[in-house]
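Novice: Structure, please.
(2 chains)
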There are 2 protein chains.
Amino acid sequence: MAAIRLTYRIETGGDISRLAEKIASDQSTGTFVAVPGETADLKARCAARVADIRMLEPHDGPAFPQNRVEGGVYARADVDIDFPMEVIGTDIAALVTIAFGGVFSVRGLSGVRIVGLSLPPEFIRAHPGPAFGIAGSRRLTGVYGRPLIGSIIKPNLGLAPSEVADVTRELVEAGVDFIKDDEKMMNPRYAPLADRVRAVMPVILDHEQKTGRKVMYAFGIGSADLDTMLRHHDIVADAGGNAAVIPINSIGYGGMSYLRKRSRLVLHAHRTGWDMLTRHPDLGLDFSVYQTLWRLLGVDQFQVNGIGAKYWEPDDSFVRSFHDCMTPLLDESDRALPVIGSGQWGGQAPETFARNGGSVDLLYLGGGGIMGHPGGPGAGVRAITQAWEAAVAGIALEEHARDHRELAQSIEAFGRSGSP
Amino acid sequence: MAAIRLTYRIETGGDISRLAEKIASDQSTGTFVAVPGETADLKARCAARVADIRMLEPHDGPAFPQNRVEGGVYARADVDIDFPMEVIGTDIAALVTIAFGGVFSVRGLSGVRIVGLSLPPEFIRAHPGPAFGIAGSRRLTGVYGRPLIGSIIKPNLGLAPSEVADVTRELVEAGVDFIKDDEKMMNPRYAPLADRVRAVMPVILDHEQKTGRKVMYAFGIGSADLDTMLRHHDIVADAGGNAAVIPINSIGYGGMSYLRKRSRLVLHAHRTGWDMLTRHPDLGLDFSVYQTLWRLLGVDQFQVNGIGAKYWEPDDSFVRSFHDCMTPLLDESDRALPVIGSGQWGGQAPETFARNGGSVDLLYLGGGGIMGHPGGPGAGVRAITQAWEAAVAGIALEEHARDHRELAQSIEAFGRSGSP
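Specialist: Model (predicted):
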């Protein structure tokens, strides 16, 4: 029978296989004591099962410091556990309640991280997935054969709606394909969403009228009050907008599911809060698992940091995340467009291109790299475009910069000390 | 001007006060480089400010292992940062996006935990809070002056609706005040919510007709699809049910807010997944902070483990959680009824009572302690009742057991080796 397979990377001062069995039992039919009714038939239908245990190198210290034992060695293994579809069904709340959450409460573990999730097609098909994804993001912006180039309104907080429109005008004229509100910008008193839409959309639409190119602007519509979020969604869509920034962890699986069912917009996921779940390498959740759920729920564009990001995340982790977003669950339409950001100015283009298998299916966000370019935002966009041309053509940036002035300026400004 | 105060317990191999300033800047108006428009006026209105730094004992190892430096000492401090209401407003998604999430991505931290949250009354008043809370839970069950005593349907998975009804009948006749589905029980194929309600509610209502006492049954209505969750809610409420188990982390802030606005039921929060956020003592989130948000969103009853729980959580942590739930945000009506569970059989009653300031405002859940009692479930309920009588009267359990047979049996069965 169809099963959902979870892979847990567990660590313990005790016995791995006993602990694996305990997890499988606790997270399905078992409780602390045998109770009447937990029959063999019931177990056969509903119990989770340990399918495989692959031992890893032990650690000499525990991930959870309170689980330290004198002279202890901490055995580690990747444990596959299969959960019957009969028990979980196709509901993401059931999946995370049964197979994600409880294991972190189990005694005797000195560490646990969820590193794998394999879903039967039946589960995947029960969810809408991205409404637009990579193909839709290209169709709506008219950008083909190269990365979408985007920017972020800065300063990220504090601008009045008319000032946001001024920055938008500057970016639109600079030639970006995409603009977004900072994820922290939602509906503050000094710049309510409705007023920002009223100020910004004429700039977008006038530019479209003049040039035939519609810049995608992702407005921060997020709210923990879903009625408010849906109202914000409608304001954007009714004004001719086509995208929204969604702080996915701040609204939760329920909020995302609710929105996706009713959405007319491209949903650009910001994952603030994600680091809390993943930064400790032996605890929490791998991005591969996390992004699967959010793509099923309808994320079209997924922020994944980038090479040389300003945050804690190492390059290797970014490369894995990019690969995750680009890997179909069922088919290519359920992929999410990877959004590369954080300290990007184009200098990272060659390595980004090389390490992501030569893909240009991505949205490349420059904040300071565009707004802070010595030649102004237009020069910033051209510099990034030139950097990507060089990367795809296999030309060294310095060489390409010889006859590409804006790129040369970027290298000068950001290349060594002062990355944006 | 009113501000929201967050307290971060930060750890770093570098300089604490520089890092504190960086967090305040990054999480409000700042970005990596100075950008045009980040004016003094804008900063005055919108910037977060470091209000206080209280140094703690340093650690000799980092919480994030990748941040280890040779011979390093890791400075630690509690840092208060004030965020202007102007920027966050009263939206919980804005609060967690701006003040919770981003800090975990900051480089240079070797650990960070959110340990304090202080909200202005204006923020608190913008949220509904519990519809029933402690007073409502007592009113609906008719239980005053003692803890509510509850149990959980076991086995937690695999029973057909008619079997759930059989267990319910046994528990109702045993005299419990409250019954709940296991948090893993939502809407499986072999026992859909609608069928469980149809099977269980006649048992509850017949018992009410005969005895005048309505047992509160919390059905697992959770779903990441909020339309499904609301339909489940209506099925329960329309059948005369009065409570629901909500896997809060599995539906998210948006899901909870959506439900609370439309709910007629007592909302019993199960916090599966919470351990992922809190188990490492130097990372993540304190329960005091977490429960504040969920109470604002409308949790009536909050699971908090108990003394001698079967999970990893130490007793001290449980005692703090109990205290958190009982501490008003604005007034007593916004408290959530603490739900004590996990390996409870009554033997923990004296310590529970003593350490929680002599409070009996709690729901005490016995699973194995009731269903696994040698004299049957009725004896299990009586044993727990007797244990609480002894605790409140200040009589030692062993003494009370001399003329209370069921308690004596519990002590014999669970007291030493075999806790349920």
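Novice: count of neighbours near A:G89?
Specialist: 22 (other CB atoms under 10 Å in any protein chain shown). Placement of C-beta: from N, CA and C, glycine included.
Novice: Name the nearest residue to it, sequence neighbours excluded.
Specialist: Closest residue to A:G89 apart from its sequence neighbours, by CB to CB, 6 or more residues apart in numbering or on different chains: B:P188 at 5.9 Å.
Novice: List the contacts of the one you found.
Specialist: By CB atoms under 8 Å, 6 or more residues apart in numbering or on different chains, the contact list for B:P188 reads A:E86, A:V87, A:I88, A:G89, A:A94, B:L157.
Novice: ok, 7 Å please
Specialist: A:E86, A:V87, A:G89 (CB atoms under 7 Å, 6 or more residues apart in numbering or on different chains).
Novice: Other residues contacting the helix or strand in which the second one is found?
Specialist: A:V87 is located in helix A:85-88, with elements delineated by DSSP states H and E. Residues external to helix A:85-88 that are found in contact with it (CB under 7 Å, 6+ apart): A:1-4, A:28, A:45-46, A:94-95, A:98-99, A:120, A:122, B:157, B:188-190.
Novice: switch the cut-off to 8 Å
Specialist: Taking CB under 8 Å, 6+ apart as the rule, helix A:85-88 contacts A:1-4, A:28, A:45-46, A:48, A:94-95, A:98-99, A:120, A:122-123, B:157-158, B:184, B:188-190.
Novice: Generate the PyMOL command that creates a selection of the buried members of the residues you listed.
Specialist: Selection command for PyMOL covering only the buried members of the contacts of helix A:85-88, criterion 16 or more other CB atoms under 10 Å in any protein chain shown:
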select buried, (chain A and resi 3+4+28+45+46+48+94+95+98+99+123) or (chain B and resi 157+158+184+188+190)
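Novice: possible to save the contacts of B:P188 as TSV with distance to A:W294?
Specialist: Listed next are the contacts of B:P188 as TSV, based on distance: CB to CB, whole Å:
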residue	distance to A:W294
A:E86	25
A:V87	23
A:G89	19
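Novice: Now do A:R146 against chain B, distance only.
Specialist: A:R146 sits 25 Å away from chain B, going by CB to the nearest CB, to the nearest Å.
Novice: Now do the SS call for that residue.
Specialist: coil (DSSP: H, G, I helix; E, B strand; the rest coil).
Novice: Over to the one 10 residues further on?
Specialist: Following three-state DSSP, we place A:N156 in the coil state.
Novice: A:R9 now?
Specialist: Applying three-state DSSP: A:R9 is strand.
Novice: give me the number of residues near it?
Specialist: Counted with other CB under 10 Å, A:R9 comes out at 21.
Novice: same deal with A:G108?
Specialist: Neighbours around A:G108, by other CB under 10 Å: 15.
Novice: Against chain B, how distant is it?
Specialist: Taking CB to the nearest CB, one finds A:G108 at 8 Å from chain B.
Novice: Is the nearest residue to that residue once chain neighbours are set aside part of a helix or strand, or is it coil?
Specialist: Leaving aside its sequence neighbours, A:G108 sits nearest to A:G14 (CB to CB, 6+ apart; 5.2 Å). Assigned with three-state DSSP, A:G14 falls in the coil class.
Novice: Buried residues, the lengthiest helix in chain A. List them.
Specialist: Ranked by residue count and defined by DSSP state H, the top helix of chain A is helix A:193-211. For helix A:193-211, a neighbour-count test (16+ other CB under 10 Å) marks A:L193, A:D195, A:R196, A:V197, A:A199, A:V200, A:M201, A:V203, A:I204, A:H207 as buried.
Novice: Measure how the helix or strand hosting A:V167 sits relative to helix A:193-211, angle-wise.
Specialist: Applying DSSP H and E as the criterion places A:V167 in helix A:161-174. Interaxial angle, helix A:161-174 versus helix A:193-211 (axes from the mean of the first three to the mean of the last three CA atoms, to 10 degrees): 30 degrees.
Novice: Which elements pack onto helix A:161-174?
Specialist: Packing partners of helix A:161-174 (3 or more CB pairs under 8 Å, 6 or more residues apart in numbering or on different chains; DSSP states H and E): strand A:178-180, helix A:193-211, helix A:368-371, helix A:377-393.
Novice: tell me which element the one residue in the stretch 251-400 of chain A that gets nearest to chain B falls in.
Specialist: Residue nearest to chain B within the stretch 251-400 of chain A: A:G252 (0.8 Å; CB to the nearest CB). Here A:G252, judged by DSSP H and E, is contained in helix A:248-262.
Novice: Cheers, nothing more for now.
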